[in-house]
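> what follows is a predicted structure for the sequence shown.
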There are 2 protein chains.
Amino acid sequence: MQKPSQLQLLVYRRFLEQFVVFTDEQWEIFCNELQLKKIKKKEFLIEAGKVCNEVAFILRGAIRYYHVKDGEEITNYFSLENEMVSAYKSFLTQKPSAAYIEAIENTQAIIFNKSSLEKLLEDERINMKMERFGRVVAETVLCCYDDRVTAFIIQTPEERYVSLLESGSPILTRIPQHYIANYLGITPVSLSRIRRRVSKPNTGLRFAAS
Amino acid sequence: MQKPSQLQLLVYRRFLEQFVVFTDEQWEIFCNELQLKKIKKKEFLIEAGKVCNEVAFILRGAIRYYHVKDGEEITNYFSLENEMVSAYKSFLTQKPSAAYIEAIENTQAIIFNKSSLEKLLEDERINMKMERFGRVVAETVLCCYDDRVTAFIIQTPEERYVSLLESGSPILTRIPQHYIANYLGITPVSLSRIRRRVSKPNTGLRFAAS
DNA sequence: GCGGGACGTTAACAAAAGATAATAAAATAG
DNA sequence: CTATTTTATTATCTTTTGTTAACGTCCCGC
């Protein structure tokens, strides 16, 4: 397993500063634990049934989470550059992951291990910061999940699609549409119909109104 | 505002031990910050538009979270005895809550404030424990949200209802059905139909099979 | 006890979504 | 470059869900 380059580490450090700011000494301790991983398209970061022991930071590429139900893959989520990726629940509970995490583009990521986390939580030079780091990351992920649950409760599939559209997320241009359909909780055919409705608004109404 | 009784505090302490174990000294410091709140049925714990500054622990009663969309209330979640309640996202980000949190039974809760949390995070006798407490609670809530999102992605409404049924959750006996329908992401009418289908399985099939 | 509102079920109809299949375009591998 | 696979759209049909309204029951406040 490779070490990340100094430039890659700097990108990661800047990203992490939204959660916690390390001193130079702490950063060096932290960096010693990091690894660089290259994942080819269609390779797995995590497979269902195995315990997830890694949190990754994507330097380049794209990732999808999916479940398998009745032999069918159902895509749950995506992560792109400058995002953290993990089967968090498996990582936190140390129980087998229910989901697969797969690269859908050739991907480079910085990997931080569970065992490293536990080691640093025992290291008095950095343990306070790691506790806070864990807390703030968990809080951030929690807020994302909250939005997602709320969207399922109070929005129709069409409204969820329009929200995604208006958010300007690169997901819409980077990710195959049938994966996005799963992510919105609908079938690919249904998403195609919604796209038609949204792109040609009022076609039926104009006639009635004129 | 009242102080909780010794017995109520003991119940809370036992509950919190699944997250973090306080020394007696730390527990006393923590208890000094706690308040007892009595919320009558139909009163609010949090109102939408206001920042949530409290995390509550329900000693007795029942709570529902709901959003208002187009003048309609849409119920998102419930909490019963021995559970923690908060508009976590608002509490964590200090932005206005999008949801209302309302008592649907007369409720007693122990309240822990944001300002108390910040105070204790500065107190060297207890700050490490509070960091960990915050982290573990966030992780726990995150795992619940993960299950909920996954259920929306990979299960049909009927499957979600059956899961709830099989979980043996007291929600089904304590909470009005039209609230449960919202929680499952469907209308009350649709839930009523699902209940009929589930309670009379195979009515259509038996004929074809015999 | 009485009246009004909340709750759950059912029916009838409309709208939306799922399933399946056919087709065409785009991406990929060889 | 060509052959194959993947992807997106569209059509058809079925199933499910939403909408609205009616009805009966239960509960609560007065």
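Here it is on my side, so go on. Residues are numbered from 1 along each chain as shown, chains lettered A, B, ... in the order given.
> give me phi/psi at residue A:119?
phi -60, psi -50 (degrees, to the nearest 10).
> got the contact list for the nearest residue to it once chain neighbours are set aside?
Closest residue to residue A:119 apart from its sequence neighbours, by C-beta to C-beta, 6 or more residues apart in numbering or on different chains: residue A:33 at 7.3 Å. For the C-beta atoms, the positions are set from N, CA and C on the backbone; glycine is no exception. Contacts for residue A:33 (C-beta atoms under 8 Å, 6 or more residues apart in numbering or on different chains) come out as A:112-113, A:116, A:119-120.
> residue A:33 in helix, strand or coil?
coil (DSSP: H, G, I helix; E, B strand; the rest coil).
> any idea how far it is from residue A:104?
27 Å (C-beta to C-beta, to the nearest Å).
> follow-up on the earlier one: so of the contacts of residue A:33, which ones are in helices?
A:116, A:119-120 (DSSP state H).
> which secondary element of chain A has the worst mean pLDDT?
helix A:203-209 (a mean of 40; mean pLDDT, DSSP states H and E).
> phi, psi for the residue nearest to residue A:119 please.
With angles defined as degrees, to the nearest 10, residue A:33 sits at phi -90, psi -10.
> can you check the pLDDT for it?
Predicted confidence (pLDDT) for residue A:33: 97.
> what does residue A:210 give?
Looking at residue A:210, its pLDDT is 29.
> so which of the contacts of residue A:33 comes closest to DNA strand D?
Closest to DNA strand D out of these is residue A:112 (29.6 Å), distances taken as C-beta to the nearest atom of the strand.
> now do the contacts for the nearest residue to that closest one once chain neighbours are set aside.
Spatial nearest neighbour of residue A:112, excluding adjacent residues (C-beta to C-beta, 6+ apart): residue A:55 at 5.0 Å. The contact partners of residue A:55, by C-beta under 8 Å, 6+ apart, come to A:84-86, A:88, A:91, A:111-112, A:137.
> recalculate using a threshold of 10 Å.
Residues near residue A:55 by C-beta atoms under 10 Å, 6 or more residues apart in numbering or on different chains: A:84-88, A:91, A:109-114, A:116-117, A:134, A:137.
> phi and psi next, for it.
Per-residue torsions, residue A:55: phi -120, psi 130 (degrees, to the nearest 10).
> quick one: it from DNA strand C, how far?
According to C-beta to the nearest atom of the strand, to the nearest Å, residue A:55 stands 27 Å off from DNA strand C.
> separation between residue A:1 and chain B?
Going from residue A:1 to chain B by C-beta to the nearest C-beta, to the nearest Å gives 27 Å.
> what's the burial count for that residue?
A total of 7 residues lie near residue A:1 under the criterion other C-beta atoms under 10 Å in any protein chain shown.
> what sits closest to it if chain neighbours are left out?
Here the residue nearest residue A:1, using C-beta to C-beta, 6+ apart, is residue A:35, at 4.6 Å.
> pretty sure the one you found is in contact with residue A:9, am I right?
No - if you go by C-beta atoms under 10 Å, residue A:35 and residue A:9 don't touch, sitting 11.4 Å apart.
> quick check: neighbours shared by the two?
Residues touching both residue A:35 and residue A:9 (C-beta under 10 Å, 6+ apart): A:3, A:110.
> what helix or strand does the residue of chain A at minimum distance from DNA strand C sit in?
Residue nearest to DNA strand C within chain A: residue A:190 (3.1 Å; C-beta to the nearest atom of the strand). Assigned by DSSP states H and E, residue A:190 belongs to helix A:188-199.
> show residues contacting the helix or strand encompassing residue A:172.
Element membership for residue A:172 (DSSP H and E) is helix A:171-174. Residues outside helix A:171-174 that contact it (C-beta under 10 Å, 6+ apart): A:62, A:77-81, A:104-105, A:161, A:164-165, A:179-180, A:183.
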